[in-house]
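S.K.: I'd like to go over a predicted model; first the sequence, then the structure.
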Amino acid sequence: MLEKFSEENGINNVTDESHFHLEGYVNGQNCRYWSSSNSKEKHQKTLHSPKVTVWCAISAKKIIGPFFFENDQGATVTVTSERYIDMINIFFVPQLQEEGIDKSSVWFQQDGATAHTARVSMGTLKALFSGKIISRFGDILWPPRSPDLTSSYISDFFLWGYLKGRVYDTPLSSLEQLKAKITTEVRAISVDVLRRVSANLLVRFEECIRRDGRHLDVV
């Protein structure tokens with residue numbers, strides 16, 4: 001992986017979705033980041049808080065997104081394989097074309113969610129990014145039980161944690177405000193930040209080699 005990403009001069013398009021709840025609830029199992037407040041404080045939260053489901057693709061050079069999974073009425077919908085492939089075809093691929101990015105140069109990484117790895121999803125992705133899919137059932141498998149060795153580090157440990165820290169810095173009263181704040185904060189992330197985050201992942205690869213596969217401390 002270190003050789004592959006070094007050859008490509010950066011990591012291309014790690015893709016992921018996350019839920020953003022209107023009340024600011026954050027799933028600590030999925031997002032890990034330094035908090036500006038006492039993590040042991042108790043907070044009341046609504047049982048079924050309104051939310052949006054956001055998808056982004058992040059690379060060392062650019063973030064493509066956000067894309068919100070919603071129906072024609074603007075209501076949040078579950079990410080199914082059909083909706084996932086529709087998003088790839090009607091949003092992601094046109095965005096690549098608009099940015100002048102050749103699909104043959106793109107490494108496409110996704111996690112093992114059923115919508116991502118269903119047969120119809122993998123068939124579409126393999127046709128678009130032949131030989132360059134990092135995924136369950138893809139061309140390169142994720143190392144098992146090794147978040148330190150996958151570029152999900154970039155989405156789970158940086159993107160979603162960073163965005164939720166920024167989005168929820170002020171109270172929001174509607175889903176439209178929430179979507180607007182997410183969009184603003186995504187677009188405010190600089191290329192310099194993306195390059196530094198991606199470079200840190202390469203450092204983790206090197207550290208894993210140095211430690212002969214043993215447990216990694218925070219790098």
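M.R.: Perfect, thanks for sending it. Everything numeric in this text was worked out from a predicted model, so none of it was measured.

S.K.: use CA for all of it now, contacts and neighbours both
M.R.: OK.

S.K.: For the chain, which segments count as helices?
M.R.: In chain order, the chain shows helices spanning 2-7, 81-87, 93-98, 114-117, 119-128, 152, 160-167, 175-188, 191-210, with DSSP state H as the criterion.

S.K.: could these go into JSON lines alongside mean neighbour count?
M.R.: JSON lines is the format used below for the helices of the chain (neighbours: other C-alpha atoms under 10 Å):
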{"stretch": "helix 2-7", "mean neighbour count": "11"}
{"stretch": "helix 81-87", "mean neighbour count": "17"}
{"stretch": "helix 93-98", "mean neighbour count": "13"}
{"stretch": "helix 114-117", "mean neighbour count": "18"}
{"stretch": "helix 119-128", "mean neighbour count": "16"}
{"stretch": "helix 152", "mean neighbour count": "21"}
{"stretch": "helix 160-167", "mean neighbour count": "20"}
{"stretch": "helix 175-188", "mean neighbour count": "16"}
{"stretch": "helix 191-210", "mean neighbour count": "16"}
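
S.K.: Out of these, the one nearest I64 is which?
M.R.: Evaluated with C-alpha to C-alpha, those place helix 93-98 nearest to I64, the distance being 7.1 Å.

S.K.: ok, of the helices of the chain, where does mean pLDDT dip lowest?
M.R.: Summarising mean pLDDT across the helices of the chain, the least confident stretch is helix 152, with a mean of 53.

S.K.: Which among the helices of the chain is found nearest to I58?
M.R.: Judging these by C-alpha to C-alpha, what sits closest to I58 is helix 191-210, at 8.1 Å.

S.K.: residues in contact with E70?
M.R.: E70 is in contact with 52-53, 76-77, counting by C-alpha atoms under 8 Å, 6 or more residues apart in numbering.

S.K.: isn't F205 right up against E3?
M.R.: No - because the distance of 10.1 Å does not satisfy C-alpha atoms under 8 Å, F205 is recorded as not touching E3.

S.K.: For K62, find the nearest of the helices of the chain.
M.R.: When those are ranked by distance to K62, counting by C-alpha to C-alpha, first place goes to helix 191-210 at 6.4 Å.

S.K.: Now find how far off-centre that closest one is within its chain.
M.R.: The chain centroid and the centroid of helix 191-210 are separated by 16 Å, computed with C-alpha atoms, centre = their mean, to the nearest Å.

S.K.: and the helices of the chain as TSV, adding distance to P66?
M.R.: Conversion of the helices of the chain to TSV gives the following (distance: least, C-alpha to C-alpha, whole Å):
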stretch	distance to P66
helix 2-7	24
helix 81-87	11
helix 93-98	11
helix 114-117	17
helix 119-128	19
helix 152	17
helix 160-167	11
helix 175-188	6
helix 191-210	16
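
S.K.: one step back: considering the contacts of E70, which is situated nearest to S190?
M.R.: Distances from S190 to the contacts of E70, taken by C-alpha to C-alpha, are shortest for T53, at 22.9 Å.

S.K.: nearest residue to the closest one other than its sequence neighbours?
M.R.: The spatial neighbour of T53 that comes closest, neighbours along the chain excluded (C-alpha to C-alpha, 6 or more residues apart in numbering), is H19 at 4.6 Å.
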